[in-house]
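> model the following, please.
(one chain, ligands or ions: 1)
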Amino acid sequence: PDVAKTKITADDRALRNGHKGALIWLTGLSASGKSTIATELEAELFHHHLNCYVLDGDNIRQGLCKDLGFSAKDRAENIRRVGEVAHLMTDGGLIVITTFISPYRADRDSIRKAIEPNEFIEVFAKCPLEVCEKRDPKGLYKKARAGEIRDFTGISAPYEEPLKPELILETDKFSVAECVAQIMDYIKDLIYVEKRA
Ligand code: ADP
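All right, here's what the predicted structure looks like:
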């Protein structure tokens, strides 16, 4: 979006908050660990006095995007809207964490292009399909295999792996806490600024 020309800039907000806004964009197969990591990461950021917010399927798909399904076209529109909202929120100074499968590279890349360099942090929750399918915390893979869910990523719809993500988390090899620590370690040099009253 075109950011409104107001008196207060993103820099002003960062100086007040002691940190910049950023968009931590988790992508990966269903059950790769995006929501679990986002929940723990949000708590960790919060405890470090960093302003943050999680955008996920629950608070987006049922509201802003409730008119959309799971075709490639609707997924692209879903991701475009999330990108627009997340961009506004990061401009407002928040560290936004998103937990969408976002299977198409072009959709993710167009968000990257719209956002200031260093503010878009693509994090690939990398986990083999077999492991995701075994985890199946919501029973979705079982339903997809039974043909009860159409266009299911990894089964009947594609997932395009990021080519150059800022971070790769191998969620089948590292614990949730280790994955969160890897993100914290990556962002610490990017987001902190010296606080000014
Ligand atoms: P997604 O949001 O990607 O669909 P979820 O977070 O809902 O995935 O589910 C991931 C499942 O995998 C959870 O049951 C979680 O406890 C488990 N899990 C095991 N190891 C990890 C890890 N390192 N990171 C994230 N989740 C993990």
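> quick one: the worst-scoring helix or strand of the chain on mean pLDDT near the ligand?
The helix or strand of the chain with the poorest confidence is helix 57-61; it has a mean of 89 (mean pLDDT, DSSP states H and E). No. Applying C-beta under 6 Å from any ligand atom, one finds helix 57-61 separated from the ligand by no less than 8.3 Å. Backbone N, C-alpha and C define where each C-beta goes, glycine included.
> and stretch 139-149, by the same measure?
No. Against the ligand, stretch 139-149 shows no contacts by C-beta under 6 Å from any ligand atom, the least distance being 8.3 Å.
> list the contacts of that stretch.
30-31, 132-133, 136, 152, 154-156 (C-beta atoms under 8 Å, 6 or more residues apart in numbering).
> possible to save those as CSV with pLDDT and distance to the ligand?
Shown next, in CSV, are those (pLDDT from 0 to 100; distance: C-beta to the nearest ligand atom, whole Å):
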residue, pLDDT, distance to the ligand
30, 97, 4
31, 98, 5
132, 98, 8
133, 98, 11
136, 98, 9
152, 95, 12
154, 97, 11
155, 97, 14
156, 95, 17
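> skipping adjacent residues, who's closest to the residue of the chain found nearest the ligand in space?
When scored by C-beta to the nearest ligand atom, the chain has residue 33 as its residue closest to the ligand, at 2.4 Å. Distances taken as C-beta to C-beta, 6 or more residues apart in numbering place residue 171 nearest to residue 33, at 3.9 Å, with adjacent residues excluded.
> one more: residue 68?
residue 74 is the one closest to residue 68 (C-beta to C-beta, 6+ apart), at 4.2 Å.
> swap in residue 64?
Nearest non-adjacent residue to residue 64 (C-beta to C-beta, 6+ apart): residue 81, at 5.8 Å.
> the one you found: neighbour count?
14 (other C-beta atoms under 10 Å).
> which helix or strand contains it?
Per DSSP states H and E, residue 81 falls inside helix 72-91.
> next one: residue 131
helix 129-135.
> pull out the buried positions in that helix.
For helix 129-135, burial by neighbour count (16 or more other C-beta atoms under 10 Å) applies to 129, 132-133, 135.
> okay if I get those as JSON lines plus distance to residue 113?
What follows is these, written out as JSON lines (distance: C-beta to C-beta, whole Å):
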{"residue": "129", "distance to residue 113": "29"}
{"residue": "132", "distance to residue 113": "29"}
{"residue": "133", "distance to residue 113": "33"}
{"residue": "135", "distance to residue 113": "33"}
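> how near is residue 103 to residue 62?
Applying C-beta to C-beta, to the nearest Å, the value for residue 103 to residue 62 is 20 Å.
> same thing with residue 189?
Distance from residue 189 to residue 62, by C-beta to C-beta: 36 Å.
> again with residue 186
Distance from residue 186 to residue 62, by C-beta to C-beta: 31 Å.
> next: residue 143.
Counting by C-beta to C-beta - residue 143 and residue 62 are separated by 19 Å.
> cool, and residue 55?
Per C-beta to C-beta, residue 55 is found 12 Å from residue 62.
> quick check: residues of the chain near the ligand?
The chain has residues 28, 30-37, 99, 125, 135, 137, 171, 174-176, 179 near the ligand, with proximity defined as C-beta under 6 Å from any ligand atom.
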